[in-house]
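Undergrad: Model the structure of this input:
(chains A and B)
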Amino acid sequence: MSLWVDQFRPRTLDDLHYHQGLSARLKSLAASGDFPHMLFYGPSGAGKKTRITCTLRQLFGGGVEKLKIDQRIFLSPSKRKLEVNIVQSNFHIEITPSEAGNYDRVVIQELLKEIAQTQQVDLNAKQRFKVVIINEADSLSRDAQAALRRTMEKYMSNMRIILCANSTSRLIAPIKSRCLLMRVAAPSPGEMELVLKHVAKRATFTLPPEAAAKIIDDTGGNLRKAILVLEALKMQSPDLSGPLTIAKPDWETYCHKVADLIVGEQSPARVMEVRGKFYELLSHCIPPTIILKTVAERVVERVDESLKADIMHWAAFYEVRMRVGSKKIYHLEAWVVKVMSLYKHFFFDIDMSSFD
Amino acid sequence: MVAFVSNGLLPAPKLDTTNSVKTATFQPNGLLGQKSSLLSTSILGVAVEKNLTYETDSCNPTVPHFAPNGLLSVTSKPPQYTISTELNSSSQDDDDLPPVSEAFGLPTMLLSEHALAPQPLSSSTASTSRFSVRATTFDGKTLFIRRKPKVSQDARRRISPTYNSQRIGNLLEVPIHRLMDDLSTVAAAKLADNRQPTASSSKSTEVEDTLWVDRYRPQRFTELMGNERVARETMAWVKQWDWCVFGSKKGKKRPKTGDENFNDDDEYHRPREKFLLLSGPPGLGKTTLAHVVARQAGYEVMEINASDARSGSIVDDRIRPALESGSAVGSDKPVLLIIDEIDGATGAGENSTSFIYKLVQLAYDRPHKKNRTGQNRGADKKRPILRPIICICNDINASSLAKLKPHAYQIRFSRPADIHTVKRLREVCEMEGLKADSRALTALVGIAKGDLRGCLNTLQFVKSRNEDVTESIIRKATTGMKEAETSLITVLNDLFSPMTKKRVKELALSEEEESKYVARLSREIDSSGRESSIALGCFAHYATLRQHDANFSRYEQANEWLVTFDMLSAEIYSHGDFALSAYLPFTLVPFYPLFQERGGQRVERNQADWDNMQLTKSNEEIYKSLARCLRTASTRLGGDFRHLLSTPTLQLEFAPLINRIISPPLRPVNSQIIKPVERAILTRLVSIMASLELRFFQERGEDGQLSYRLDPPVDVFITYDGKRAPDIPTSRYAVRHLVAGEIDALLITRDADIVEKGTRGKHDFFGKSSSFHKRPLDDPDDAAPNKRIKIDNRDIADKPPVDFFGRLITVPSTSSTKSALRKNIEKKYRVAYKFAEGNSAAVRKPVKFDTFL
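TA: Residues are numbered from 1 along each chain as shown, chains lettered A, B, ... in the order given. This is a model prediction of the structure:
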């Protein structure tokens, strides 16, 4: 059985609970017949993929939900085998090129050409074209994006591309200009409550408003997370009454612990302790940028007003360097030392002019 | 010999003028000298005997002379035929004989009286006077020259040399043995002459152009210096091959392994380790040892070193043929392969590993044929090597050697005691006439860190400038040798602590030079060639130093440099821009001014980063298996879980929350008396776990305690610092047991469902079978309650037998439950319930049937 996230996922555009304007536009686009390339962007858990599937259903009917999942093997130029998982129906195909790492270009080139060069054979199909959904488009390498841009124009008659990304900043301009941009914003607390209530109703229980408010507060606009948390909560304490502790992901709790350590004491010994914690987090495959961001946010919460800007500035500074570099732990520690130094200077009121 | 040749090859006109006797005399001599054949010599031998019978003791010396001729017989017969016919023809031509006086003008002078004396005798005994020609010598003596009877070819061949040889013995003025002796002495003298100048000249040039290292290289096992144990061990290993290579007769049978190894270990009697791996710092004589030992043990050495390309194909092209043929071309000794510098010059990892992989494979190839000599040169019949291989390397820990090490007998070279090295150096100095005081030599050895080759080179250099060896000159000469060997730890220690006084003295640095550190340290880092490991070492070490750093400024700087290092190296590697790598060492040098401290803590190898990497790898595997589970689930459920698969979502949201979803606070009670609320939770839990392919597996712990393990172990993602998240209680054994049982039951029904559906689909093929199929895919919402009801219905019946109070049977074997379940499923809807079974002390109490549902 599926989790609630999937079980109660809206299947059609009409079922969607929020962003009604967006739904209406998608509906009219699907009906118009000249469906464009699209780029869905927005924060995680806002409902991009749900909207994409709904749009597909609108375009092709129920047939898109007959999915086939398989693995394709591509050969990189250096003859390395790349395994990419592909989800497809008769009318569309869904890929995550970032699975192939640096060789995503190969996947894009081979797969897209293959799809683009075959026409829709199903005569009953509502549309003449197939749809390619590219997940995590913002992690496409520059080469892959370049490979994409020409394909998008050339095979317009056979294929439409729907890109799904968290932000458009990492996409090159030519791609953005070829797509219809669809921003899926995170739902507001009210909208989230609506959805949670709906889920509760479908799952045949009533959700106390306090619990809903707590969940919404904790998940910060990530609806997927909210529903997962709700389900976890329901599993943990079935009656949802009494004092509720919202289950936070452990890595988040741990990051907060790290932040508290940093604020609590500034000493070489503490640096070593924090390093150990960072190693622990990294070994759990938590992306280092997320670690840095979470810890920094927590530190900012706990320090004096005048320090906040500086701490965030250095966090951003080291995040950029981290993306360039290869050994993440150096950059994390560099930031920690920087923050400790800032904090100490602030505490002992030493001149800070040299730290600008 | 030479003298005879010239005789035999007398110019043609002379031949014509001389009489037949003379030609007959000399021709055979020429024959003897140049192309004495077996036949002719044997006949000659007969002739000698005849001579012996007729002649006086003066002929005796000829015997030893002919004997060696007979031994020399190598040439083929045809030339002998021609010569003999020539002889015959010349002797037949007696009608045209020149005047006797003319004919005997020369010969008589050559003939000795002794030789002449028996002549009449022989002629008279021949008693064939009508065949002889009468001749008179100067002094009036009559000579009868016998005319050769006309005989058949065979007879002629038999006879004619006899007569000729009769004369040979008589006609030589100087006995041939004497000539031979003279010749040999001349030849010897000549050779000696030749050798003398070449030897002397080569000696004089050698002084200039061979390295002392070569000149004083040990040639024999006994000349080896240094660690005797190492030499012995090497020899012992090579000797272990004797049984295999030379057969059992030569090698001693190994004491105890003789029998047991015969069958199960190796049918060729090879030692257990097929390779010998010599390792140690340069200049201690590893290569020399290998060569000397190989030679001593009777092998021909084949060497492959860093100058040869080393790839997998080399093994096939060069090594295999050489080792299979067993011996080198033109040599009857078995070959021994020395692979020098096996760790070095490997560069690209792929090449080196394939080389070593193939090498190891070579040794362990199973023979296809029992035939050991391998007559069958069939297409690609691979045979195991039957010859020893010695590998030599500097760094035993080189990653490329990892595959080799388990198959190799490893011998480590260590620096021999300085005294021995100094002693050897002093011997060399004496031989070279170099004045050296032992203080200087000790200093030299100290600087070179025991590298004998380096020492010798330095001494030669000193000698070439005609200087005496003094300490100061040594200092000057060894300036380049200072950083000969730099290991990771030494580099790190040098970075974090200033040079010791002793070392400063050793290197004879002035105060000023000592304080200059950038060039020294950067060179040291560079020569180690492991910048990233050094950076890691710095990173691990700097924070452990308990130095007062009030405002963290030094820490900041250190981190700044580390970050710079990382960015620079990432840039270099991602763009392949290795020209920049010259700058890398400089980014690490600043640790010296920042953190150097005399007598500070020594740097130790830090494992934290490595451990972290291993842990990350294993966790990545778990994520991968979780992702696989999600994928299968999404295949089964029409793509439901696929949105949770994307990289950050899986780690950040799904992994921690699924752990909470699958661990509800269930009470460990019997599933039959469970409360309806809990029943619902349990059902849901079981269905989620089943669809995600999460399972509980029973395991026996080390203490013999049974426990259920989650597989894949996704609970590591809620375990930080070895502690589980506090809000998730570890479910107890009984609960897990309950859940595991339920999952098994569900899986069985699911399988049954599929079978059922399949048969039903067949029955009404044109009916609504398609709608049946579609429904669970299209609308899991509808399907779910259906399933649930089904589960509820057979719950009671399906449970493994438990007693009335719901006490769990503590050690039920899962297989038996399974089979029990399977049995129950066949009669799916029958409720079988026995009341008051088992313990008679049961409390009786009226129960409504609903409680069971």
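
Undergrad: Only C-alpha atoms from now on, for both contacts and neighbour counts.
TA: Will do.

Undergrad: confidence score at the residue of the stretch 201-350 of chain A found nearest chain B?
TA: Relative to chain B, the nearest point of the stretch 201-350 of chain A is residue A:283 (4.0 Å; CA to the nearest CA). Per-residue pLDDT puts residue A:283 at 91.

Undergrad: For the stretch 151-300 of chain A, list the residues in contact with chain B, please.
TA: A:225, A:228-229, A:231-233, A:235-237, A:247, A:249-251, A:254, A:268-269, A:271-272, A:279-287 (CA under 8 Å from any CA of the partner chain).

Undergrad: 7 Å instead, please
TA: Counting by CA under 7 Å from any CA of the partner chain, the stretch 151-300 of chain A comes close to chain B at A:225, A:228-229, A:231-232, A:235-236, A:249-250, A:268, A:272, A:279-280, A:283-286.

Undergrad: Filter those down to just the ones in helices.
TA: Mapping these onto helices (DSSP state H) picks out A:225, A:228-229, A:231-232, A:235-236, A:250, A:268, A:272, A:279-280, A:283.

Undergrad: In terms of model confidence, name the weakest of those.
TA: At the low end of pLDDT for those is residue A:236, which has 79.

Undergrad: burial count for that residue?
TA: Neighbour count for residue A:236, taken as other CA atoms under 10 Å in any protein chain shown: 23.

Undergrad: what residues are up against it?
TA: B:664, B:665 (CA atoms under 7 Å, 6 or more residues apart in numbering or on different chains).

Undergrad: In the stretch 1-150 of chain A, where is pLDDT below threshold?
TA: Scanning the stretch 1-150 of chain A with the threshold set as pLDDT under 70 gives A:1.

Undergrad: What segments of it are helices?
TA: Taking DSSP state H, counting those that start in this stretch to define them, one finds helices in the stretch 1-150 of chain A at A:4-7, A:20-32, A:48-60, A:104-116, A:142-154.

Undergrad: Can you lay out those as CSV showing mean neighbour count?
TA: Output for the helices of the stretch 1-150 of chain A, formatted as CSV (neighbours: other CA atoms under 10 Å in any protein chain shown):
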stretch, mean neighbour count
helix A:4-7, 20
helix A:20-32, 15
helix A:48-60, 21
helix A:104-116, 19
helix A:142-154, 17
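
Undergrad: Among those helices, which comes closest to residue B:848?
TA: helix A:4-7 (33.8 Å; CA to CA).

Undergrad: Contacts for that closest one, please.
TA: By CA under 7 Å, 6+ apart, the surrounding residues in contact with helix A:4-7 are A:224, A:227, A:228, A:231, B:640, B:641, B:781.

Undergrad: Please tell me which one of those counts the most neighbours.
TA: residue A:227 (25 neighbours).

Undergrad: how far away is that one from residue A:212?
TA: 10 Å (CA to CA, to the nearest Å).

Undergrad: With residue A:247 instead?
TA: Taken as CA to CA, the span from residue A:247 to residue A:212 is 13 Å.

Undergrad: Likewise for residue B:689?
TA: Distance, residue B:689 to residue A:212, by CA to CA: 26 Å.

Undergrad: quick one: the strands in chain A?
TA: A:38-41, A:68-75, A:81-88, A:92-95, A:130-134, A:159-165, A:180-183 (DSSP state E).

Undergrad: To residue B:726, which of these lies closest?
TA: Among these, if distance is taken as CA to CA, the winner is strand A:159-165, at 34.9 Å.

Undergrad: tally of neighbours for residue 293?
TA: Went with chain A since none was named. Neighbour tally, residue A:293, other CA under 10 Å: 16.

Undergrad: wait, I meant chain B there
TA: 24.
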